[in-house]
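Peer 1: Dropping the sequence and predicted coords here.
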Amino acid sequence: MKYRSTRGDAREVSLSEAMRAGLAPDGGLYVPAGLPRAQALAGQTTLAGVAVPLLAPFFAGDPLARQLAGIVEDAFVFPAPLRPVEAHGVPLSVLELFHGPTAAFKDLGARFLAACLARAAPAGGRPLTIIVATSGDTGGAVAAAFHRRPGFRIVLLYPAGRVAPLQERQLCCWDDNVTTCAVQGSFDDCQRLAKQAFAAPALQAALTMSSANSINIGRLLPQIVSFAAASLQVEAAGGRPAGFIIPSGNLGHALACVWAREMGLPIGGIVLAHNANRTVPDYVESGQWRPRPSVATIANAMDVGDPSNMERIFHLYHDHKTLTKRLSATSINDDAIRHRIRAEAAQAGWIPCPHTAVAAEAWHRMPEQERRRLHWIVVATAHPAKFPEVVEPLVAGALTPPPALAQLLGRPIRRTEIAANLDALRALLVAA
């Protein structure tokens, strides 16, 4: 399997090369030269059981292929249970992807990428500097996956004042090979800075750089497995096919679900559930792609006005008509998010985080006929205890963080504030 740039002006590379580079030299994002058909999955419903046969074609011809089983063993070490929600009278489930060390779905992709890069690193080479723009959960997951791994230097860029307090503590609790930067700007500024760094000739000469955002193909591949395993579990139980409602920001997770369906997994509908950042829903409605500055919301990890992975979706679906036949998108504001958290806790006995509540509200807004057409799955991307200032007043009770997360939050805080410009980031990167 070879990987090519979405922009078509860079040579095809191996999977290991694509993961180490993060971004293609022409500024595009790496995609498989062709999506393989899913095979040899009969009877498999667990993450680890699905992962090796599903991902093997993506590793074909790469030096990492013979190590895929070990990579899966390292990365897929926590469950992703599919919990039924029985209070609403029709098949509905919640896919809990928050059982990793930082209580967010991004733990899986980060651990998988770390396991791959650690095995692909050339002996005696200079350290790989991984620059991560984060709107909340990505940075903590990447830091946890790479912390104190020899041969890696991690630089986290997050928008100062625009992440939840608990998320900020999780981003700033690291030492050793992790540097956390509070950027005076938005997430889009952080993402722009990361891309500018990768394209800067002086930094390219001084450092070996990569990304662990969802622009990195190594982050996306394991996320395909989550959707595959859940859809196979629904299929094995009989009844209606699975459909997914995905909290969406930079669209990496949504893209993984799209690729899973295009590979032939039994997935019906896919709904991209956005907060008040309406760039994608407005495109679906109008056919006009108009990126814009992000808007701050209580579902802050989705505060993205110019989602990078839309480039990969455009590469797959070449026109608006095709895209809208395959995907739908909706926007949910803060008041509706609060209402849904309160209502699910009171009526259905489960508590969504603000991001998960966006997806849950999108399901409730579907016409009844559409709700009954598929076995819909709300994708739960983070544990609600990560957002106590939002969730606890709505459910009238304290939330207990998972033990692994609580341990992280007890560490001292370390961060550096920088301006939202390349000069400031360059100075930090070359100082060490």
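Peer 2: The structure has been received and is ready for your questions.
Peer 1: Skip the chain neighbours and tell me the closest residue to Glu361.
Peer 2: Distances taken as Cβ to Cβ, 6 or more residues apart in numbering place Arg340 nearest to Glu361, at 4.2 Å, with adjacent residues excluded. Using the backbone N, CA and C atoms, a C-beta is placed for each residue, glycine as well.
Peer 1: ok, now Gly269?
Peer 2: Gly269 sits nearest to Gly243 (Cβ to Cβ, 6+ apart), 3.8 Å away.
Peer 1: Repeat that for Leu68.
Peer 2: Leu68's closest residue in space is Phe59 (Cβ to Cβ, 6+ apart), at 5.2 Å.
Peer 1: Tell me how many other residues surround that neighbour.
Peer 2: With neighbours defined by other Cβ atoms under 10 Å, the count for Phe59 comes to 21.
Peer 1: Can you name every helix or strand that the longest helix seen in the chain contacts?
Peer 2: Taking DSSP state H as the criterion, the chain has its longest helix at helix 217-236. Contacts defined by 3 or more Cβ pairs under 8 Å, 6 or more residues apart in numbering; DSSP states H and E place helix 217-236 against helix 15-21, helix 47-59, strand 82-84, strand 92-96, helix 106-120, strand 242-247, helix 252-262, strand 375-380.
Peer 1: got these as a markdown table, with distance to Asp74 and mean pLDDT columns?
Peer 2: Converted to a markdown table, the helices and strands packed on helix 217-236 look like this (distance: least, Cβ to Cβ, whole Å; pLDDT from 0 to 100):
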| stretch | distance to Asp74 | mean pLDDT |
| --- | --- | --- |
| helix 15-21 | 15 | 93 |
| helix 47-59 | 11 | 95 |
| strand 82-84 | 23 | 96 |
| strand 92-96 | 21 | 97 |
| helix 106-120 | 4 | 94 |
| strand 242-247 | 26 | 98 |
| helix 252-262 | 19 | 97 |
| strand 375-380 | 24 | 98 |
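Peer 1: Kindly reformat these as CSV containing distance to His274.
Peer 2: Listed next are those as CSV, based on distance: least, Cβ to Cβ, whole Å:
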stretch, distance to His274
helix 15-21, 28
helix 47-59, 27
strand 82-84, 23
strand 92-96, 18
helix 106-120, 18
strand 242-247, 8
helix 252-262, 10
strand 375-380, 13
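Peer 1: Please name whichever of those is nearest to Val225.
Peer 2: Nearest to Val225, of all the helices and strands packed on helix 217-236, is helix 47-59, at 4.7 Å by Cβ to Cβ.
Peer 1: Mind listing what's buried along the helix or strand just after that closest one?
Peer 2: Next in sequence after helix 47-59, counting helices and strands by DSSP states H and E, comes helix 68-75. For helix 68-75, a neighbour-count test (16 or more other Cβ atoms under 10 Å) marks Leu68, Ile71, Val72, Asp74, Ala75 as buried.
Peer 1: Stretch 128-146 now?
Peer 2: For stretch 128-146, by 16+ other Cβ under 10 Å, it's 128-146.
Peer 1: How far does it stretch from one end to the other?
Peer 2: Start and end residues of stretch 128-146 are separated by 11 Å (Cα to Cα, to the nearest Å).
Peer 1: again with stretch 325-343
Peer 2: 31 Å.
Peer 1: buried set for it?
Peer 2: 327-334, 336-343.
Peer 1: Over to stretch 163-180?
Peer 2: Buried, per 16+ other Cβ under 10 Å, within stretch 163-180: 163-164, 166-174, 177-180.
Peer 1: Which ones among the buried residues of stretch 325-343 lie within helices?
Peer 2: Among these, the members falling in helices (DSSP H) are Asp334, Ala336, Ile337, Arg338, His339, Arg340, Ile341, Arg342, Ala343.
Peer 1: Please determine how far Arg20 is located from Cys190.
Peer 2: 21 Å (Cβ to Cβ, to the nearest Å).
Peer 1: swap in Asp26?
Peer 2: 22 Å.
Peer 1: Poorly predicted segments of the protein, please.
Peer 2: 123-124, 432 (pLDDT under 70).
Peer 1: if we can go back for a sec, can you tell me which of the buried residues of helix 68-75 lies closest to Leu220?
Peer 2: Closest to Leu220, out of all of those and judged by Cβ to Cβ, is Ala75, at 13.2 Å.
Peer 1: who are the neighbours in contact with the closest one?
Peer 2: Leu108, Arg111, Phe112, Ala115, Pro222 (Cβ atoms under 8 Å, 6 or more residues apart in numbering).
Peer 1: Next, give me the two most distant ones among those residues.
Peer 2: Most distant of those, by Cβ to Cβ, are Leu108 and Ala115, 10.8 Å apart.
Peer 1: and the residue nearest to Asp189 when sequence neighbours are not counted, what does it touch?
Peer 2: Sequence neighbours aside, Ala420 is the residue nearest to Asp189 in space, at 4.1 Å (criterion: Cβ to Cβ, 6+ apart). By Cβ under 8 Å, 6+ apart, the contact set of Ala420 is Val183, Gln184, Gly185, Asp189, Cys190, Leu193.
Peer 1: Cool, thanks, talk later.
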